[in-house]
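K.L.:
model this:
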Amino acid sequence: MDQFTDFADSRLIDGCIYCGGFPDTRDHVPSRSLLDAPLPENLPVVGACRKCNNAFSSDEEYFVCLLETVLRGSTDSVQRPLVGRIFRRSPALRAKIQAARQERDGQVIFAIEADRVKVVLLKLARGHAAYELSSVCRGEPTVFSWGPLALLSEEQREFIEDVHVPELYPEIGSRAMQRMVVAQFTCAGLDGTERQNNALLIHDWLEVQKGRYRYIAYEDYSGVQVKIVIDEYLYCYASWGEA
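P.N.:
All right, here's what the predicted structure looks like:
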């Protein structure tokens, strides 16, 4: 993915973006375990303390293995080499996820550990907010939702998928400010005659790896907003601001 140097005020991010401690490691957002080899170049990284960075490992392994199993229907059908290696190394994790599989009315469902999924998704959202917007969002989001894209209503799906036309400009020098692009469109009359050419500055989705991971981060009058889509299956929306 394209990379930009952050020219925002360095005082905006002080310490580990998750707890405020000394940022003696770098954490990838998205986590490399969510992507396929060969990994994209210039993956975003944020400052994190060693304790936080290590604390996410177990939940990330669970999340990655759960998502692959849900997509394939069984731990016996996983395709990602990384997940296969994790299952061979941790038979207990494989057994736990397989035991969560249920069949109801001819459909396969999984009894997931939602708190562990939330930990990973919030980590990703906080990382994108820090990296793109130079915004530290250590508190709980005022709005947080996640789940399969297929279960959203048409209106909800449109909201998640929309690009963002800014009401407020991002922090000067931030990556989000540098990533803004010009979208051009033409208005036409009822007879089809072109009437006016227009241009808008927008925030568009950032595709980290096609079909695997994309996100968009922006700030408006409602606060900091982050949307994520993983495997074109699971969405996450987090907002820090007014309820």
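K.L.:
show me where the protein has helices.
P.N.:
Ranges of helices in the chain, per DSSP state H, are 50-55, 57-72, 81-89, 91-99, 114-133, 154-161, 175-179.
K.L.:
Make a markdown table from those helices and add mean pLDDT, mean neighbour count and distance to Thr25 to it.
P.N.:
Glycine gets a C-beta too; all of them are placed from N, C-alpha and C. Listed next are the helices of the chain as a markdown table, based on pLDDT from 0 to 100; neighbours: other CB atoms under 10 Å; distance: least, CB to CB, whole Å:
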| stretch | mean pLDDT | mean neighbour count | distance to Thr25 |
| --- | --- | --- | --- |
| helix 50-55 | 94 | 15 | 5 |
| helix 57-72 | 97 | 19 | 12 |
| helix 81-89 | 97 | 15 | 21 |
| helix 91-99 | 97 | 14 | 24 |
| helix 114-133 | 95 | 22 | 13 |
| helix 154-161 | 95 | 12 | 31 |
| helix 175-179 | 55 | 21 | 20 |
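K.L.:
Relative to Gly21, which of those is closest?
P.N.:
Closest to Gly21 of the helices of the chain, according to CB to CB: helix 50-55, at 6.9 Å.
K.L.:
hmm, who's touching the closest one?
P.N.:
Helix 50-55 is contacted from outside by 16, 18-19, 21, 24-25, 27, using CB atoms under 8 Å, 6 or more residues apart in numbering.
K.L.:
could you dump it to CSV, C-alpha only?
P.N.:
Extracted C-alpha coordinates of helix 50-55, given in CSV (Å, rounded to 0.1, in the frame of the first residue of the first chain):
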residue,chain,number,x,y,z
ARG,A,50,5.8,-4.7,24.8
LYS,A,51,3.2,-5.8,27.4
CYS,A,52,0.3,-4.7,25.1
ASN,A,53,1.8,-6.0,22.0
ASN,A,54,2.3,-9.4,23.5
ALA,A,55,-1.1,-9.4,25.2
